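A.B. asks: Here's my sequence, what's the structure:
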Amino acid sequence: MKNRELTLNIFRYDPNIPGREPYMQPYSLQETEGMTIFIALNQIRENQDPSLKFDFVCRAAICGSCGMLVNGRPRLACKTLTRDLPEVITLMPLPVFKLIGDLSVDTGSWFRQLSIKTGAWVHSDKSFNPNCQEERMSNETALKIYEAERCIECGCCIAGCATANIRDDFLGAAGLYKIARFMVDPRDERPEEKYFDVVSSEEGVFGCLGLMACEDNCPMELPLQVQLAYVRRKMALIGFRV
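C.D. replies: Predicted coordinates:
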């Protein structure tokens with residue numbers, strides 16, 4: 001492999017400094033074998049600019065912390081190889097979410113409000129008994145729940161969503177995916193009408209433009225289109241009854 005000299009044009013801005021305007025700052029470094037955007041950013045912070053802000057935890061595409069725009073596309077820094085990109089790379093923070101500084105955004109607060117709005121926990125009137133066995137379910141049902149639990153809440157689907165970039169109250173693919181997860185869980189005792197109240201509006205499933213940028217940008221390759229269609233059909237059927 002012939003090592004290239006990369007130029008990373010990185011968005012810089014500290015919202016805590018009054019009067020400071022955002023700007024783009026270029027950094028140059030030598031590409032190495034297997035380099036990811038995450039590795040490149042760490043090299044810049046360790047060797048060139050310790051003030052550079054970006055988020056990471058696991059470095060293995062599990063935590064979802066390092067989401068950012070790479071040449072205009074939402075991606076995980078730890079999963080994006082520089083060899084798949086041109087020599088000049090532009091890095092911007094994810095839109096929609098509150099900017100902390102540079103490439104760092106607050107996805108946690110956004111997803112917390114999403115969980116509250118969608119009631120993202122098993123709703124049941126049963127009293128918890130620690131001595132009882134767990135409720136049994138079929139392997140097929142368990143796999144459906146597992147599939148819907150693979151979302152790492154990185155925010156890439158939200159950042160790439162046209163509606164989410166326009167409407168602050170839109171649940172987005174991540175929210176509809178959460179709803180689908182509990183709709184297939186037999187332990188959740190909510191009547192279908194409760195789901196209807198949450199997602200059968202322009203804030204929910206009917207606010208989707210159908211461009212499917214969410215699925216295109218999902219680093220976990222989740223079947224967002226399938227789940228969106230499932231929730232949309234469910235809401236349409238419930239709407240005829242209520």
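A.B. asks: How many neighbouring residues does Phe11 have?
C.D. replies: 18 (other CB atoms under 10 Å). For glycine as for every other residue, the C-beta is placed from the backbone atoms N, C-alpha and C.
A.B. asks: I'd assumed it was in a strand, is it?
C.D. replies: Yes - checked against DSSP: H, G, I helix; E, B strand; the rest coil, Phe11 lies within a strand.
A.B. asks: Which strand residues bridge it?
C.D. replies: Bridge pairing for Phe11 (DSSP bridges) gives the partners Met24.
A.B. asks: Let me know the pLDDT of it.
C.D. replies: Note for Phe11: predicted pLDDT of 98.
A.B. asks: Look up how far Leu69 lies from it.
C.D. replies: Distance, Phe11 to Leu69, using CB to CB, to the nearest Å: 8 Å.
A.B. asks: Find residues that contact each of these two.
C.D. replies: In terms of CB atoms under 8 Å, 6 or more residues apart in numbering, Phe11 and Leu69 are both contacted by the residues Leu91, Met92, Pro93.
A.B. asks: would CSV of those residues with neighbour count be doable?
C.D. replies: Converted to CSV, those look like this (neighbours: other CB atoms under 10 Å):
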residue, neighbour count
Leu91, 22
Met92, 19
Pro93, 25
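A.B. asks: For the residue nearest the centre of the chain, list the residues it contacts.
C.D. replies: For the chain, Gly155 is the residue whose C-alpha lies nearest the centre (CA atoms, centre = their mean; 2.2 Å). By CB under 8 Å, 6+ apart, the residues touching Gly155 are Gly64, Gly67, Pro74, Leu94, Val96, Phe97, Val105, Thr107, Trp110, Phe111, Ala174.
A.B. asks: Do a quick rundown of the strands in the protein.
C.D. replies: Under the criterion DSSP state E, the chain carries strands at the ranges 5-12, 23-30, 67-70, 73-76, 88-92, 98-101, 104-106.
A.B. asks: elements contacting the fourth one?
C.D. replies: What that stands for is strand 73-76. Packing partners of strand 73-76 (3 or more CB pairs under 8 Å, 6 or more residues apart in numbering; DSSP states H and E): strand 67-70, helix 156-159, helix 213-217.
A.B. asks: any chance of those in a markdown table, with mean neighbour count too?
C.D. replies: Shown next, in a markdown table, are these (neighbours: other CB under 10 Å):
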| stretch | mean neighbour count |
| --- | --- |
| strand 67-70 | 24 |
| helix 156-159 | 28 |
| helix 213-217 | 20 |
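A.B. asks: could those go into TSV alongside mean pLDDT?
C.D. replies: Putting these into TSV (pLDDT from 0 to 100) gives the following:
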stretch	mean pLDDT
strand 67-70	98
helix 156-159	96
helix 213-217	93
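A.B. asks: Mark out where each domain of the chain begins and ends.
C.D. replies: The chain breaks down by automatic domain parsing into domains covering 5-92, 107-124+135-241.
A.B. asks: Which one of those domains lies nearest to Gly101?
C.D. replies: Smallest distance to Gly101 across the domains of the chain (CB to CB): 4.3 Å, for domain 5-92.
A.B. asks: what about the closest one, start to end distance?
C.D. replies: End-to-end distance for domain 5-92: 20 Å, by CA to CA, to the nearest Å.
A.B. asks: Spit out the contact partners of the residue nearest to Cys218 when sequence neighbours are not counted.
C.D. replies: Take Cys218 and drop its neighbours on the chain: the residue closest to it by CB to CB, 6 or more residues apart in numbering is Cys157, 5.5 Å away. Shown in contact with Cys157 (CB under 8 Å, 6+ apart): Pro74, Gly172, Ala173, Ala174, Ala213, Cys214, Glu215, Asn217, Cys218, Leu224.
A.B. asks: Show the model's pLDDT score for the last one.
C.D. replies: Turning to Leu224, the model gives it a pLDDT of 89.
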